[in-house]
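Q: for reference, the sequence and a predicted model appear below.
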Amino acid sequence: MFRAFVNERLAAAAGEIRALFEKTRAECEEELRRSQDQNRRKQRLLEKILSPRVVLVRARVQTPPTRIKEEPEEEELPMETEADGENHHHQVQSRSTKVSAQNKSAPETSATKPYSCEACEIKFADLSTLTRHRRTHTREKPYHCLTCQKTFALKSYLDTHRRTHTGEKPYSCEVCEIKFADLSTLTRHRRTHTGEKPYHCLTCQKTFAQKSNLDTHRRTHTGEKPYSCEVCEMKFAELSTLTTHRRTHTGDKPYHCLTCQKTFARKSALDDHRRTHTKEKPYSCQVCEKKFRHRSALTTHRRTHTGEKPYSCEVCEIKFADLSTLTKHKTTHTGEKPYSCLVCKKRFCESKQEPINITKMVKLKNAG
DNA sequence: AACATGTAGGGAAAAGCCCGGG
DNA sequence: CCCCGGGCTTTTCCCTACATGT
Ligand SMILES: [Zn+2]
Ligand SMILES: [Zn+2]
Ligand SMILES: [Zn+2]
Ligand SMILES: [Zn+2]
Ligand SMILES: [Zn+2]
């Protein structure tokens, strides 16, 4: 039936994507490679351009900026069209100050970096670095993982990768004892303790510890939704949201309650559900100490203290604190006798063109 | 009238894994 | 070899609106 159709549709879409992907895989990787190379070059250019500027402010005359040769006009990749110009506004440069300080005293010249790559013109201070760098062009990856057949350009990459199979985590946080397989991840994790958040959103002033999280956040301002569902064409700002959305089509419910065998499409739903077995009530009202199993129950409960009534009937404009109460109330407007007196419950057939009666009823209600 | 339970999307925090260069 | 910074991807968690039933 419908479920089957949807699954078929999804499978077909997946097949199309796979076919397309296989066909253009090489080109895509090539393109990705090129854009990465290009970005690296741009990054270097940026460093060169930005750091001399620091010098220029103070010593404009004495250090004319080394002329940077413009690259032979290449097709710009979409992502860098406008990003480059404003990039450095979105993030503070706390992490690369050392580099620019160095550059100030020893600008990159062929004297300090005599080894330049034949493929991309980048210069290096020593030959070993250049040799290592060349592999980014040749794609030479001599180190193989025997477990999963992946290949790596450097032994250190393979060493790190192998830990994904062994589970070894040699780096542990001094503060919270959590262990990591990768030193970079630990370094980044430490920021959660220091509270360092170097990336700022210019639109709302929010700050972020990771750049990618800022990038994602900015979509909430731009409205960009790059991920779209293959079945219903709904669009999403994040892949994870699309992933859970897809389950509404497939009916996939990967989370199982071990107590009653019920299944759920998302973990939070299972967590909520589990509390119906454990009788746990983690949400408590600050006013009356009453406890609730679900957050939404607490939210509606709080209105009994505040008097807030967000739900109003479009017909008679009476307000309610609880949606189900409003829904029930609305039925008094349906049928042949859509209007009922709120005091005596008698029903009337008066049309909407009887505002006087209605306001009277409302007034009566509000007074009582 | 108040609460219980579940569905769904939005958003953020943090970690996983990998790469390049000093 | 170590270390550092950074990139894209994935996981995890929390929030809220809303529907439906008690
Ligand atoms: Zn492997
Ligand atoms: Zn820690
Ligand atoms: Zn923002
Ligand atoms: Zn869909
Ligand atoms: Zn209360």
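A: Alright, I've got the coordinates. Numbers count the residues shown, from 1 in each chain, chains lettered A, B, ... in the order given. Ligands and ions are numbered 1, 2, ... in the order given.
Q: for A:Thr194, see how far away A:Glu174 is.
A: Counting by Cβ to Cβ, to the nearest Å, the gap from A:Glu174 to A:Thr194 is 12 Å. C-betas here are computed from N, CA, C, even on glycine.
Q: what pLDDT, on average, does the helix or strand harbouring A:Leu186 get?
A: Taking DSSP states H and E as the criterion, A:Leu186 maps to helix A:183-194. Throughout helix A:183-194, pLDDT has a mean value of 96.
Q: contacts (any at all) between DNA strand C and that helix?
A: Yes: Helix A:183-194 lies within reach of DNA strand C by Cβ under 7 Å from any atom of the strand, at A:Leu183, A:Ser184, A:Thr185, A:Thr187, A:Arg188.
Q: what about the second one, neighbour count?
A: Counted with other Cβ atoms under 10 Å, residues neighbouring A:Ser184 total 10.
Q: over to the last one?
A: When neighbours are defined as other Cβ under 10 Å, A:Arg188 has 14 of them.
Q: for it, which non-adjacent residue is spatially closest?
A: Leaving aside its chain neighbours, A:Arg188 sits nearest to A:Gln210 (7.1 Å; criterion: Cβ to Cβ, 6 or more residues apart in numbering).
Q: give me the phi and psi for that neighbour.
A: Reported as degrees, to the nearest 10, the phi and psi values for A:Gln210 are phi -120, psi 140.
Q: which residues touch the closest residue to DNA strand C within the stretch 201-350 of chain A?
A: Per Cβ to the nearest atom of the strand, A:Ser324 is where the stretch 201-350 of chain A lies closest to DNA strand C, at 3.0 Å. Contact partners of A:Ser324, counting by Cβ atoms under 8 Å, 6 or more residues apart in numbering, are absent.
Q: for it, helix, strand, or coil?
A: Secondary structure state of A:Ser324, per DSSP: H, G, I helix; E, B strand; the rest coil, is helix.
Q: quick one: pLDDT of it?
A: Reading off the confidence values, A:Ser324 has pLDDT 85.
Q: please tell me how far it sits from A:Thr160.
A: According to Cβ to Cβ, A:Ser324 stands 54 Å off from A:Thr160.
Q: go on, A:Ala153?
A: 12 Å.
Q: what about the helices in the stretch 101-250 of chain A?
A: A:127-138, A:155-166, A:183-194, A:211-222, A:239-250 (DSSP state H, counting those that start in this stretch).
Q: and the stretch 101-250 of chain A, which residues reach ligand 2?
A: Contact residues, the stretch 101-250 of chain A versus ligand 2 (Cβ under 5 Å from the ion): A:Cys173, A:Val175, A:Cys176.
Q: try it again at 6 Å.
A: Taking Cβ under 6 Å from the ion as the criterion, the stretch 101-250 of chain A approaches ligand 2 at residues A:Cys173, A:Val175, A:Cys176, A:Ile178, A:His189, A:His193.
Q: compare those and tell me which is most surrounded.
A: The most crowded member of those, judged by other Cβ under 10 Å, is A:His189 (17 neighbours).
Q: in contact with it, which residues?
A: A:Cys173, A:Ile178, A:Phe180.
Q: out of the residues you listed, who's nearest ligand 1?
A: When the contacts of A:His189 are compared for distance to ligand 1 (Cβ to the ion), A:Phe180 comes out closest, at 18.0 Å.
Q: count of residues packed around that closest one?
A: Neighbour count for A:Phe180, taken as other Cβ under 10 Å: 17.
Q: that one contacts A:Thr164, correct?
A: No: counting by Cβ atoms under 8 Å, A:Thr164 is not a contact partner of A:Phe180; they are 11.8 Å apart.
Q: look up how far ligand 4 lies from A:Arg266.
A: 15 Å (Cβ to the ion, to the nearest Å).
Q: look up phi and psi at that residue.
A: Phi and psi for A:Arg266, reported as degrees, to the nearest 10, are phi -140, psi 150.
Q: same question for the one 10 residues further on.
A: In this entry, A:Thr276 is assigned phi and psi values of phi -70, psi -20 (degrees, to the nearest 10).
Q: what residues are up against the closest residue to it other than its chain neighbours?
A: Excluding its sequence neighbours, the residue lying closest to A:Thr276 (Cβ to Cβ, 6+ apart) is A:Arg293, at 6.8 Å. By Cβ under 8 Å, 6+ apart, the residues touching A:Arg293 are A:Asp272, A:Arg275, A:Thr276, A:Lys279, A:Glu280, A:Lys281, A:Pro282, A:Tyr283.
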